[in-house]
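A.B. asks: I'll drop the sequence and a predicted model, then ask my questions.
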Amino acid sequence: PQDVGILALEIYFPAQYVEQNELEEFDGVSQGKYTIGLGQQKMGFCSDREDINSLCLTVVQRLMERNQVSYQDVGRLEVGTETVIDKSKSVKTVLMQLFEDSGNTSIEGVDTTNACYGGTSALFNSLNWIESSAWDGRYAIVVAGDIAVYATGNARCTGGAGAVAMLLGSHAPLVFDRGLRSTHMQHVYDFYKPDMSSEYPVVDGKLSIQCYLGALDRCYQTYCQKAEACLKQENLGSHFSLDSSAFFAFHTPYCKLVQKSLARLMLNDFLRDPDAGANPKYSGLEAVRGVKLEDTYFDRDVEKAVMVASQSSYKEKTEPTLSVAKQVGNMYTPSLYGGLASILGSYSCSELAGKRVTLFSYGSGLASSMFSLHFSEDASPGSQLERVCLSLCDLQERLDSRKKMPPADFDKMMKLREETHHKAPYTPVGDVEALFSGTWYLTEVDSKHRRKYERK
Ligand code: ACO
């Protein structure tokens, strides 16, 4: 199949949020810590009416309805999530309810879990399926969804919640670059969820940042080598750098880390380029020549120099990927794909046509990959690229239509989720009126932990 990639993309986030500057005050931290220090504006959160099943039901049905896809035309559906409410039964099987009326039960795929990386693994599986002998010509759907919540303390402000669903197939307007994938995986306890009765992770914040930046270096180095081999083949020169992609999107635990990540790619470019000294784009970096990447994760001087040098690249190539992350928070598995939604929602299709997006996916524990896609050249009226862009042009409007909640209410909701998260039987108490219309919500957990849902 030709041009395998994303045909349509849908995003769902909760209809309520807490303002990060109000949370700073509520938490008693210094003003600016969350908003400037971490770069976050708002954080979305769910009441006890929503769980991973309902988030995924909502986003998949929206994807199907808004793109008028027939349930019969789907041959693979898989979910990437780290929000586990059942150790055996997959979210995918719950989503099969949506397919019941169509009679289509012939759908491959189940769930994939490794922190924020599960969605990327599900995506790779589905792309591989389409390129394999097992493909029967039907669409694949990949769903990434999570409810990201932390215990009280310094990590709580880096929560979020949401889901992204992607319709995949051939002749797509967002085409994945073949052969351009790099991966780094490693055993490390930076963030994990050993307590089955709790929604909260055990997290070593500093270690997780070091692991993230280390994985980014490793993935970028291999990605550059592979990209350079492709460029040579296509006679497009032979050097890959920040200039080679229009956008760089990253898994976004918080936006400041992503700005530092883009800066880090510039540091990699600088250290890799023997002619860097003569290049004005690297001015100000002379002092960092010869540093070892692994010595610089928390080096203030190096960080400051590359942050300054990469400022304009960041504004152009990465800031446009952060509108969802800034306003919803870390959604875990969908975070990176929220970056893609942010790009699609911010530009017209003619501005995007032919451009490349390089993506970095990171899941603690750890699993990470860098890969890329490009937008089709055809941005004519009625083109597929136009359709994808139009489907997300109301993104900011949807974000703005959410309801702001006081931090005290957010805190109460976290306590309620803590106390009732694994209760059975349980009847949720959260306000159904507060949900966006079309949202699936939990109505009941019976004494055997069976969950029932309705759609608003
Ligand atoms: N005004 C402006 N900036 C401020 C202020 C202020 N008043 N106060 C603090 N800051 C800055 C700090 O200087 C720091 O900046 P720096 O990172 O450039 O040094 C930043 O705000 C954060 O402050 P810290 O004191 O370092 O924050 P803390 O240690 O309390 O927590 C952390 C931050 C570790 C990210 C925590 O929120 C956490 O553990 N989050 C979850 C883990 C995570 O997201 N890891 C990332 C990868 S793994 C994943 O995706 C889950």
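C.D. replies: Done, it's in. These numbers were taken from a predicted model, which means no experiment stands behind them.

A.B. asks: use CA for all of it now, contacts and neighbours both
C.D. replies: Will do.

A.B. asks: if I pick Ala155, what's in contact with it?
C.D. replies: By CA atoms under 8 Å, 6 or more residues apart in numbering, the residues touching Ala155 are Gly205.

A.B. asks: Now do the phi/psi pair for Phe240.
C.D. replies: Torsion angles at Phe240 (phi, psi; degrees, to the nearest 10) stand at phi -100, psi 130.

A.B. asks: Can you tell me how far the residue in the stretch 301-450 of the chain positioned nearest to the ligand is from Asn154?
C.D. replies: Residue of the stretch 301-450 of the chain nearest the ligand, by CA to the nearest ligand atom: Ser364 (5.6 Å). Counting by CA to CA, to the nearest Å, the gap from Ser364 to Asn154 is 18 Å.

A.B. asks: who's more crowded, those two?
C.D. replies: Ser364 (23 against 12; other CA atoms under 10 Å).

A.B. asks: what about Ile141, which helix or strand?
C.D. replies: Taking DSSP states H and E as the criterion, the element that holds Ile141 is strand 139-148.

A.B. asks: could you give the angle of the helix or strand just after that strand to strand 139-148?
C.D. replies: Reading on from strand 139-148 to the C-terminus, the next helix or strand found by DSSP H and E is strand 160-169. Strand 160-169 runs at 170 degrees relative to strand 139-148, counting by axes from the mean of the first three to the mean of the last three CA atoms, to 10 degrees.

A.B. asks: Can you tell me which helices and strands strand 160-169 packs against?
C.D. replies: strand 5-12, strand 42-44, helix 52-66, helix 118-130, strand 139-148 (3 or more CA pairs under 8 Å, 6 or more residues apart in numbering; DSSP states H and E).

A.B. asks: Please work out which of these is packed deepest.
C.D. replies: Of all the helices and strands packed on strand 160-169, strand 139-148 has the most neighbours on average by mean count of other CA atoms under 10 Å, namely a mean of 29.

A.B. asks: these two touch, right, the residue of the stretch 301-450 of the chain closest to the ligand and Thr113?
C.D. replies: No. Judged on CA atoms under 8 Å, Ser364 makes no contact with Thr113 at a distance of 10.9 Å.

A.B. asks: ok so, going back, Leu95 is nearest to which of the helices and strands packed on strand 160-169?
C.D. replies: helix 52-66 (5.9 Å; CA to CA).

A.B. asks: hey, C-alpha coordinates of the closest one in PDB?
C.D. replies: Only the C-alpha atoms of helix 52-66 are listed here, as PDB (Å, rounded to 0.1, in the frame of the first residue of the first chain):
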ATOM      1  CA  ILE A  52     -10.400   4.900  30.700                       C
ATOM      2  CA  ASN A  53     -13.200   3.000  29.000                       C
ATOM      3  CA  SER A  54     -15.500   6.000  28.800                       C
ATOM      4  CA  LEU A  55     -12.700   8.300  27.400                       C
ATOM      5  CA  CYS A  56     -12.000   5.800  24.700                       C
ATOM      6  CA  LEU A  57     -15.600   5.200  23.900                       C
ATOM      7  CA  THR A  58     -16.100   8.900  23.500                       C
ATOM      8  CA  VAL A  59     -13.200   9.500  21.200                       C
ATOM      9  CA  VAL A  60     -13.700   6.500  19.000                       C
ATOM     10  CA  GLN A  61     -17.400   7.300  18.400                       C
ATOM     11  CA  ARG A  62     -16.600  10.900  17.700                       C
ATOM     12  CA  LEU A  63     -14.000   9.800  15.100                       C
ATOM     13  CA  MET A  64     -16.500   7.500  13.400                       C
ATOM     14  CA  GLU A  65     -19.300  10.000  13.400                       C
ATOM     15  CA  ARG A  66     -17.400  13.100  12.300                       C
END
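
A.B. asks: Could you point out the helix or strand that follows it?
C.D. replies: Sequence-wise, the next helix or strand downstream of helix 52-66 (DSSP H and E) is strand 74-80.

A.B. asks: And the contacts of that next one?
C.D. replies: Residues outside strand 74-80 that contact it (CA under 8 Å, 6+ apart) are 91-92, 106-113, 117-122, 126, 136, 138-145, 333.

A.B. asks: go again using 6 Å as the cut-off
C.D. replies: Outside strand 74-80, the residues within contact range by CA atoms under 6 Å, 6 or more residues apart in numbering are 107-112, 118-119, 122, 138-144.

A.B. asks: and which of the residues you listed is nearest the ligand?
C.D. replies: Using CA to the nearest ligand atom, the contacts of strand 74-80 come closest to the ligand at Gly118, 12.3 Å.

A.B. asks: quick one: contacts for the closest one?
C.D. replies: Gly80, Thr81, Thr112.

A.B. asks: Name the nearest residue to it, ignoring sequence neighbours.
C.D. replies: Nearest non-adjacent residue to Gly118, counting by CA to CA, 6 or more residues apart in numbering: Gly80, 4.1 Å away.

A.B. asks: So Asn356 versus Ser335, what's the distance?
C.D. replies: Not Asn; residue 356 is Arg. From Arg356 to Ser335 the distance is 19 Å (CA to CA).

A.B. asks: Comparing these two, which residue is more hemmed in?
C.D. replies: Remark: of Arg356 and Ser335, Ser335 carries more neighbours, 35 against 21, as counted by other CA under 10 Å.

A.B. asks: Quick check: the gap between that one and Thr113.
C.D. replies: 15 Å.

A.B. asks: Equivalent analysis for Val59, please.
C.D. replies: Distance, Val59 to Thr113, using CA to CA: 19 Å.

A.B. asks: re the thing from before, of the helices and strands packed on strand 160-169, which is nearest the ligand?
C.D. replies: Closest among the helices and strands packed on strand 160-169, using CA to the nearest ligand atom: strand 139-148, at 8.6 Å.

A.B. asks: Check the average confidence over the closest one, would you?
C.D. replies: The average of the pLDDT scores along strand 139-148 is 98.

A.B. asks: And stretch 63-83, by the same measure?
C.D. replies: Mean pLDDT, computed over stretch 63-83, is 98.

A.B. asks: Just the buried residues of that stretch, please?
C.D. replies: 63-64, 67, 71-72, 74-83 (16 or more other CA atoms under 10 Å).

A.B. asks: Could you say which helix or strand holds Thr443?
C.D. replies: strand 440-445.

A.B. asks: Contacts for that strand, please.
C.D. replies: 49-50, 54, 58, 424-427, 451-455.

A.B. asks: same question, stretch 82-97
C.D. replies: Here stretch 82-97 makes contact (CA under 6 Å, 6+ apart) with Asn53, Leu57, Val110, Asp111, Thr113, Ala115, Asp146.

A.B. asks: what residues are up against Asp446?
C.D. replies: Counting by CA under 6 Å, 6+ apart, Asp446 makes contact with Ala424, Pro425.

A.B. asks: State the phi and psi torsions of it.
C.D. replies: Per degrees, to the nearest 10, the backbone of Asp446 is at phi -90, psi 180.

A.B. asks: Next: the one 4 residues further on.
C.D. replies: Dihedral pair for Arg450: phi -80, psi 130, per degrees, to the nearest 10.

A.B. asks: and it, how many neighbours?
C.D. replies: Neighbour count of Arg450, defined by other CA under 10 Å: 10.

A.B. asks: Pull up the gap between Gly284 and the ligand, please.
C.D. replies: 19 Å (CA to the nearest ligand atom, to the nearest Å).
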